[in-house]
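Asks: heads up, no residue letters with this:
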């Protein structure tokens, strides 16, 4: 018998074969499988069988006689004996209790991983792994409605923390482990809506804009049915997918409409409004309105620094976005001073090897090259450091992550620039380089990815400033 296939003769889906053990990477396919396999009737029946088997087995042992097998639907064979069901029931009960306790503990100690110490970051990731493992042992319904809502709230918070720390794939793995519990509560439960939004954000941050847009549009429709209007967070994420997919004109009107909706009567600026204005400033820069973009960023930087503190991650992010926008607009001279100060601040606050610090350092080098494109020393220094940054990004995120692809694209541009500079040919623009596609192969020579020479390249742990 092939144990990788189970014949489904249970309530809700008679006579249909489903391969429950075949690995599936496409999340939309998983969604579809869950909606067909984990029907409410099926989940209720499976849970009753476990509980009934445990109760019957316990009663039989106390009388000293054999316990009859629990009743099953017609043409259905129970997957295990009563003793195994009892053990399974106890294991599920312990896992369910532990999952709820872990979720409640995490809700009390939620932290922003961008600012966390290495120890706190490791602790949070350990909680993620633990919760993911516990959820894999809990069938849908085992947590109950209240417990499921508590756990899903923690899943959303943890996944959001992972996304801000640029570990979107870990966030998606955690959400995937929670899929049966999402289905148990229903797609329009408030806790489920939160998880769905975070999942779409993870896909958007990975550059999968079409999939994210599709999920966000469905989510917005469900929010309107439940609450009477869409959540502004969902609306902002949807606008950002339009920007990412190159539909700037379509997004611009949406930004203005959402800003008017979020504006406070007395002119109070909320963190959500800061976030919107920061992203709208990016859109203005992409459209060539550099001065307007700079003014928008400056307003956000001042407000965030005043309200949250100059070293807060959101204030640092706004400064980085402004500097990156200036580099893409080929305004390296304006960007250098800003990015140099920011690189120092991020190294002090977040650490030398933090993903955000490395990104700022990368764009600082690019700004310096824009200022002195024929200076071979500046080019050599930039290439060496970007090679080291790419190594770290490949190790942490993988070669197809947007951070890695962005660094790869810039390295290609730097290599072309170096060749032209040495041959005294025309210097190409180092501004708007296209990103490499997710499936595109990388052709950076191994010798260059390893540094220009053993003596010249810096150690991976100490990226040169």
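Replies: All right, it came through fine. Keep in mind it's a predicted model, so treat the numbers as computed, not measured. Numbers count the residues shown, from 1 in each chain.

Asks: Which parts of the stretch 101-250 of the chain are strands?
Replies: Listed from the start of the chain, the stretch 101-250 of the chain has no strands (DSSP state E, counting those that start in this stretch) to report.

Asks: would you list every one of the helices in the stretch 51-200 of the chain?
Replies: Per DSSP state H, counting those that start in this stretch, the stretch 51-200 of the chain carries helices over the ranges 82-108, 118-137, 144-164, 168-177, 179-185, 190-205.

Asks: which other helices and strands contact the last one?
Replies: Using 3 or more Cβ pairs under 8 Å, 6 or more residues apart in numbering; DSSP states H and E as the contact criterion, the elements in contact with helix 190-205 are helix 144-164, helix 168-177, helix 179-185, helix 209-227, helix 232-244. Just so you know, the C-beta spots here come from the backbone N, C-alpha and C atoms, and that holds for glycine as well.

Asks: Please determine how far residue 403 is located from residue 291.
Replies: Applying Cβ to Cβ, to the nearest Å, one obtains 28 Å for the distance of residue 403 from residue 291.

Asks: Name the nearest residue to residue 304, sequence neighbours excluded.
Replies: Among residues not flanking residue 304 along the chain, residue 315 sits closest, at 4.2 Å (Cβ to Cβ, 6 or more residues apart in numbering).

Asks: and that neighbour, that's in a strand?
Replies: No: under DSSP: H, G, I helix; E, B strand; the rest coil, residue 315 falls outside any strand and is assigned helix.

Asks: before we move on, back to that, for residue 422, which of the helices of the stretch 51-200 of the chain is the nearest?
Replies: Among the helices of the stretch 51-200 of the chain, the nearest to residue 422 by Cβ to Cβ is helix 190-205 (37.6 Å).

Asks: Next, the buried residues of that closest one.
Replies: 191-205 (16 or more other Cβ atoms under 10 Å).

Asks: ok, now stretch 258-277?
Replies: Of the residues in stretch 258-277, those scored as buried under the neighbour-count criterion (16+ other Cβ under 10 Å) are 258, 262, 269, 273, 274, 275, 276, 277.

Asks: for stretch 377-392, same thing?
Replies: Of the residues in stretch 377-392, those buried by neighbour count under the rule 16+ other Cβ under 10 Å are 378-379, 381-392.

Asks: Backbone dihedrals for residue 247, please?
Replies: Residue 247 adopts backbone torsions of phi -100, psi 60, taken as degrees, to the nearest 10.

Asks: what about the chain, any weak spots by pLDDT?
Replies: Residue ranges of the chain with pLDDT under 70: 1-96, 98-111, 264-269, 425-465.

Asks: per-domain residue ranges of it.
Replies: In the domain annotation for the chain, the residue ranges read 6-156, 263-323, 330-465 (automatic domain parsing).

Asks: now the angle from the helix or strand containing residue 392 to helix 168-177?
Replies: In the assignment (DSSP states H and E), residue 392 maps to helix 376-397. Using axes from the mean of the first three to the mean of the last three Cα atoms, to 10 degrees, the direction of helix 376-397 lies 10 degrees away from that of helix 168-177.

Asks: I'd like to know which elements the next helix or strand after helix 376-397 is packed against.
Replies: Elements were assigned by DSSP H and E; along the chain past helix 376-397, the next helix or strand is helix 402-422. Under the contact definition 3+ Cβ pairs under 8 Å, 6+ apart, helix 402-422 sits against helix 355-371, helix 376-397.

Asks: Swap in 6 Å and give it another go.
Replies: Counting contacts by 3 or more Cβ pairs under 6 Å, 6 or more residues apart in numbering; DSSP states H and E, helix 402-422 packs against helix 376-397.

Asks: on contacts alone, who are the packing partners of the helix it packs on?
Replies: Applying 3+ Cβ pairs under 6 Å, 6+ apart, one finds that helix 376-397 makes contact with helix 355-371, helix 402-422.

Asks: follow-up on the earlier one: residue 301 is nearest to which of the helices of the stretch 51-200 of the chain?
Replies: helix 144-164 (18.2 Å).

Asks: Not counting stretch 221-229 itself, show me its contacts.
Replies: If you take Cβ atoms under 6 Å, 6 or more residues apart in numbering as the criterion, stretch 221-229 is touched by 188, 230, 231.

Asks: Now render these as TSV, adding neighbour count and distance to residue 325.
Replies: As requested, these are exported to TSV (neighbours: other Cβ atoms under 10 Å; distance: Cβ to Cβ, whole Å):
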residue	neighbour count	distance to residue 325
188	15	38
230	19	28
231	17	27
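
Asks: and of those residues, the nearest to residue 246?
Replies: Residue 246 lies nearest to residue 230 out of the contacts of stretch 221-229, by Cβ to Cβ, at 23.3 Å.

Asks: just checking, the closest one touches residue 220?
Replies: Yes: with contact defined as Cβ atoms under 6 Å, residue 230 reaches residue 220; the gap is 4.3 Å.

Asks: Residue 235: neighbouring residues, count only.
Replies: Neighbour count for residue 235, taken as other Cβ atoms under 10 Å: 21.

Asks: ok, it - contacts?
Replies: Taking Cβ under 6 Å, 6+ apart, we find residue 235 in contact with residue 258.

Asks: so which of the helices and strands packed on helix 190-205 gets nearest residue 342?
Replies: Once Cβ to Cβ is applied to those, the stretch that comes out nearest is helix 144-164, at 17.5 Å.

Asks: list the helices and strands the closest one packs on?
Replies: Packed against helix 144-164, as judged by 3+ Cβ pairs under 6 Å, 6+ apart, are the following elements: helix 82-108, helix 168-177, helix 179-185, helix 190-205.

Asks: what do you get if the cut-off is 8 Å, keeping everything else the same?
Replies: Helices and strands touching helix 144-164, as assessed by 3+ Cβ pairs under 8 Å, 6+ apart, comprise helix 82-108, helix 118-137, helix 168-177, helix 179-185, helix 190-205.
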